[in-house]
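Chemist: Structure of the sequence below:
(one chain, ligands or ions: 2)
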Amino acid sequence: MRTPSVVPAPGLPGRVTVYEVGPRDGLQNEQALVPTEVKAEFITRLVAAGLPVVEATSFVHPKWVPQLADAGELMELLGEGGRELPVLVPNERGLDRALELGCRHIAIFGSATETFARKNLNRSLDEQFAMFEPTVARARAAGLDVRAYVSMCFGDPWEGAVPVEQVVGVGKRLFDLGASQLSLGDTIGVGTAGHVRQLVRAFVDAGMALDQLAMHFHDTYGQALANAHAALEEGITTFDSSAGGLGGCPYARSATGNLATEDLVWMLDGLGIETGVDLDQVAATSLWMAGHLGRPSPSAVVRALAGGTAQSPP
Ligand code: HMG
Ligand code: MG
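Modeler: Ligands and ions are numbered 1, 2, ... in the order given. Just a heads-up that it's a prediction; the model follows:
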């Protein structure tokens, strides 16, 4: 089968926004440098496959993430269309670079824990806000849309369990700087469904609307899709995912690939939930990118669609 049977489940949202992070979260961790032209084609193909949001790259320090050191060239190559794609920006220097290229959407990325703030941003937990505050204020004054990420929401490789109140405190503070959406990151993929429900409810209790929240699952422990379903049942309508399941964080070695876009879309298609995404086109794009990276996609759906098992009778 190339498409799932559609059997809607009661009480779920009718439409979901799939926020594609493959070109950024997916590629930032690749050892071999991917040529800028290949990244541009990857993005163009993902947009053509109907993904409504494709995060393009990061304006971070090139020594910290060498794979994305070509962010400026990439945005130039993408031209006018690229300006609507979100880019990661950690500070005012990154914002300057994004503004020079006409970017209209940025994302800041904070940490729920002290250790990861230091490792990923070279700042303490408190200092990260001092870095983000003027960045967001200037971005908003320039009319930009700002997304905020919060990492290590379900556990931290150095600190272990992360209290829900701590995650909500940091997340709210980041959002209240002036963001339009807060993406809750399971950076190392340790979350489970009950924990997801607890965290979503805690944010709602703290005054956040469900449509202001997005979920960002990594699939290290194979829980990403189950966690997405739990969040869907809680009423979340934006999910981050990466084509082919690429991904990871160079500053958290235990982070592996993101929830694969194809796995997410297969589930949503089966539930009759609209995404506007053409599954075959995304899978073809992931296979093409896997060819460039020289290794197979970790996505079960990409493998099934590619391997003949999708068409063969049982
Ligand atoms: P720093 O070394 O503390 O920077 O790094 P600084 O402010 O002290 O500045 C030092 C020098 O860097 C200066 O140059 C700056 O101009 C330059 P000098 O004056 O010495 O010549 N500089 C920059 N250059 C280019 N672009 C910039 C920039 N900023 C400073 N933006 C910094 C602090 C935040 C820059 C650094 O820690 C950094 O780049 N970190 C990024 C790490 C990263 O990208 N991690 C992956 C993304 S997060 C993630 O994947 C998680 C997520 O997916 C969600 C989840 O899964 O949980 C989002
Ligand atoms: Mg991530």
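Chemist: Next, the contact list for whatever residue of the chain ends up closest to ligand 1, please.
Modeler: Residue of the chain nearest ligand 1, by CB to the nearest ligand atom: residue 185 (2.4 Å). Every residue, glycine included, has its C-beta placed from N, CA and C. Applying CB atoms under 8 Å, 6 or more residues apart in numbering to residue 185 gives the contacts 149, 150, 151, 152, 153, 216, 218.
Chemist: per-residue confidence for it?
Modeler: If you check residue 185, the pLDDT there is 98.
Chemist: right, and the helix or strand after the helix or strand encompassing it?
Modeler: Element membership for residue 185, per DSSP states H and E: strand 181-186. Later in the chain than strand 181-186, the nearest helix or strand by DSSP H and E is helix 193-205.
Chemist: angle of that next one against strand 181-186?
Modeler: Interaxial angle, helix 193-205 versus strand 181-186 (axes from the mean of the first three to the mean of the last three CA atoms, to 10 degrees): 150 degrees.
Chemist: buried sites along helix 193-205?
Modeler: 195, 196, 199, 200, 203 (16 or more other CB atoms under 10 Å).
Chemist: One more: stretch 257-270?
Modeler: So for stretch 257-270, counting by 16+ other CB under 10 Å, buried means 257-269.
Chemist: Out of those, which are close to ligand 1?
Modeler: With the criterion set as CB under 6 Å from any ligand atom, no member of those is near ligand 1.
Chemist: Take those residues and write them to TSV, including pLDDT and secondary structure.
Modeler: Output for these, formatted as TSV (pLDDT from 0 to 100; DSSP: H, G, I helix; E, B strand; the rest coil):
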residue	pLDDT	secondary structure
257	92	coil
258	96	strand
259	97	coil
260	97	strand
261	98	helix
262	98	helix
263	98	helix
264	98	helix
265	98	helix
266	98	helix
267	98	helix
268	98	helix
269	98	helix
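Chemist: in this protein, which spans are strands?
Modeler: 17-20, 53-54, 57-58, 87-88, 105-111, 145-151, 181-186, 213-217, 238-241 (DSSP state E).
Chemist: same for the first one, what does it pack against?
Modeler: Helices and strands touching strand 17-20, by 3 or more CB pairs under 8 Å, 6 or more residues apart in numbering; DSSP states H and E, are strand 53-54, strand 238-241, helix 261-270.
Chemist: want to throw these into JSON lines with distance to residue 35?
Modeler: Output for the helices and strands packed on strand 17-20, formatted as JSON lines (distance: least, CB to CB, whole Å):
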{"stretch": "strand 53-54", "distance to residue 35": "18"}
{"stretch": "strand 238-241", "distance to residue 35": "24"}
{"stretch": "helix 261-270", "distance to residue 35": "22"}
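Chemist: got the contact list for residue 54?
Modeler: If you count contacts by CB under 8 Å, 6+ apart, residue 54 has them with 20, 22, 23, 43, 46, 47, 85.
Chemist: Surely the fourth one and residue 85 touch.
Modeler: Yes - shown here, residue 43 and residue 85 form a contact pair, counting by CB atoms under 8 Å, at 7.0 Å.
Chemist: what residues are shared contacts of the two?
Modeler: With contacts defined as CB under 8 Å, 6+ apart, the residues adjacent to both residue 43 and residue 85 are 54, 56, 78.
Chemist: Any figure for the gap between residue 65 and residue 86?
Modeler: For residue 65, the distance to residue 86 (CB to CB, to the nearest Å) stands at 16 Å.
Chemist: Which one's more surrounded, those two?
Modeler: Using other CB atoms under 10 Å as the criterion, residue 65 and residue 86 rank with residue 86 on top: 24 against 20.
Chemist: got a pLDDT number for that one?
Modeler: Residue 86 carries a pLDDT value of 98.
Chemist: go on, residue 248?
Modeler: What the model reports as pLDDT for residue 248 is 66.
Chemist: so what's residue 256 scoring on pLDDT?
Modeler: The model's pLDDT for residue 256 equals 77.
Chemist: again but with residue 191, I slipped
Modeler: Residue 191 is assigned 98 on the pLDDT scale.
Chemist: what's near enough to touch the closest residue to it other than its chain neighbours?
Modeler: The shortest distance from residue 191 to any non-neighbouring residue, by CB to CB, 6 or more residues apart in numbering, is to residue 154 (3.4 Å). Neighbour list for residue 154: 162, 186, 188, 190, 191, 195, 196, 199 [criterion: CB under 8 Å, 6+ apart].
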